[in-house]
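K.L.:
below: sequence and its predicted model.
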Amino acid sequence: MARDVYIFNAGPAVLPEPVLETTSKAVLNFADTGMSIMEVSHRDKKFEDLLNNTIAGLRRVMGIPDNYKVLFLQGGASLQFSMVPINLLGAGKTADYIDTGNWSNNAIKQARKVGAVNIAASTKEAKYTRLPKASEIKFTPGAGYCHITSNNTIEGTQWSTFPDTLGAPLIADMSSDILSKRIKVSDFGLIYAGAQKNMGPAGVTAVIIRDDLIGQAPENTPSMLDYKTYADNNSLYNTCPVMAIFVVHEVVKWIEDLGGVAALEKLNQQKAGTIYDILDKSSFYKGTVEKGSRSNMNIPFRLPNEDLEKEFLAEASKHKLLGLKGHRSVGGIRASLYNALPIEGAQKLAEFMIDYEKKHT
Ligand code: PMP
């Protein structure tokens, strides 16, 4: 296939080429069934096997302990902003939220509709250019849980050490850094992630939940909003997103073939390091995030003025470097360097940046 473009989209994002190839075959004929992956029943034995293999694969690559379930849902990470409090923020409980930007704000807004929320820390004052220090976080004793956004896709910050929540289950929105580095799943009560950055296409959301947190939703919770429904039915209570799960299966296989999450973590450090090196040496480009909080997934930066930024994006496109526009709320440039972006993509971008700077200074 050998594509000649590099995709820096924030999400939906670049997928590995081998995954696109096997998916294109399955679109025509899934597992020798004669049916497309879009035509096969979610109750077909061959699909159920694939679903179970996807879960087993995720367990292997993430080191998910036996006392956790892996669930596949729809509704995006945004539905998890509501499902987490509906299931875990019962009457009389308070949930701690750490406010680190746009997506944690959206999670907070939805949680407030359900129950009592304490903002344990916020870096709003710093315009979300950093994450809070441990000493700045004020946990609620006996909190129902503490919610964080592990990687802030828009602002470009990423937790490197997770907060110690004084015993409350730590819940993380890992939409934009799941599978990008090793984590210890047992440090978390629940992890959720929309697939469309590092795990697959839009349309499926993974939830990794500790067994004791399942079955805590109030009696009157609609079945589709209760984690127990998905856990009891192996995510097959209703029609699951069959095709999206197929792609996740292929992505997990690709990760294992590459040497696992540890290998990707190393590559991701190298890719991000290539771009941060330029930002650190340049007075033309300005990274917007404090050094200790930088993300290896999303790197936002500014140029001296907006006209130069516009031209930078247009020129980059001509060089087949796509999807570099910053989020509409912050402007500027954002390079998203997810797992499937080849290291050559980061190198090409670095060369382009150096060249562009030379031409404009
Ligand atoms: N959380 C984070 C960290 C995100 O980056 C995004 C999407 N970019 C979301 C939540 C929302 O995800 P979805 O569109 O799947 O609801």
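P.N.:
In hand now; what should we look at?
K.L.:
quickly list what the residue lying closest to Ile55 once chain neighbours are set aside is bridged to.
P.N.:
Nearest non-adjacent residue to Ile55, counting by C-beta to C-beta, 6 or more residues apart in numbering: Val70, 4.6 Å away. Heads up, the C-betas are built off the backbone N, CA and C, glycines and all. Here Val70 sits in beta bridges with Ile208, as judged by DSSP bridges.
K.L.:
and Val70, how close does it get to the ligand?
P.N.:
Separation of Val70 from the ligand (C-beta to the nearest ligand atom, to the nearest Å): 17 Å.
K.L.:
could you do Pro16 as well?
P.N.:
Relative to the ligand, and taking C-beta to the nearest ligand atom, Pro16 is found at 20 Å.
K.L.:
do you know the pLDDT at that residue?
P.N.:
At Pro16, the model reports a pLDDT of 98.
K.L.:
wait, it touches Leu341, no?
P.N.:
No. Pro16 lies out of contact with Leu341 (C-beta atoms under 8 Å); the separation is 9.6 Å.
K.L.:
looking at those two, which one has more neighbours?
P.N.:
Comparing Pro16 with Leu341 by neighbour count (other C-beta atoms under 10 Å), the higher total belongs to Leu341, at 23 against 19.
K.L.:
excluding covalently adjacent residues, which one is nearest to the more buried one?
P.N.:
The nearest residue in space to Leu341 (C-beta to C-beta, 6+ apart) is Val14, at 5.3 Å.
K.L.:
what of Leu179?
P.N.:
Of all residues not flanking Leu179 in the chain, Asn198 sits nearest, at 4.7 Å (C-beta to C-beta, 6+ apart).
K.L.:
now Phe8
P.N.:
Per C-beta to C-beta, 6+ apart, closest to Phe8 is Gly323, 4.4 Å.
K.L.:
what does the chain have sitting close to the ligand?
P.N.:
Contact residues, the chain versus the ligand (C-beta under 6 Å from any ligand atom): 11, 76-78, 103, 149, 153, 173, 175-176, 194.
K.L.:
in CSV, list these along with distance to Lys133, secondary structure and neighbour count.
P.N.:
Output for those, formatted as CSV (distance: C-beta to C-beta, whole Å; DSSP: H, G, I helix; E, B strand; the rest coil; neighbours: other C-beta atoms under 10 Å):
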residue, distance to Lys133, secondary structure, neighbour count
Gly11, 28, coil, 20
Gly76, 31, helix, 17
Ala77, 26, helix, 26
Ser78, 29, helix, 16
Trp103, 21, helix, 20
Thr149, 17, strand, 30
Thr153, 22, coil, 27
Asp173, 20, strand, 28
Ser175, 24, coil, 26
Ser176, 22, coil, 29
Gly194, 28, strand, 28
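K.L.:
can you give me the helices for the stretch 151-300 of the chain?
P.N.:
Applying DSSP state H, counting those that start in this stretch to the stretch 151-300 of the chain gives helices spanning 227-232, 242-258, 260-281.
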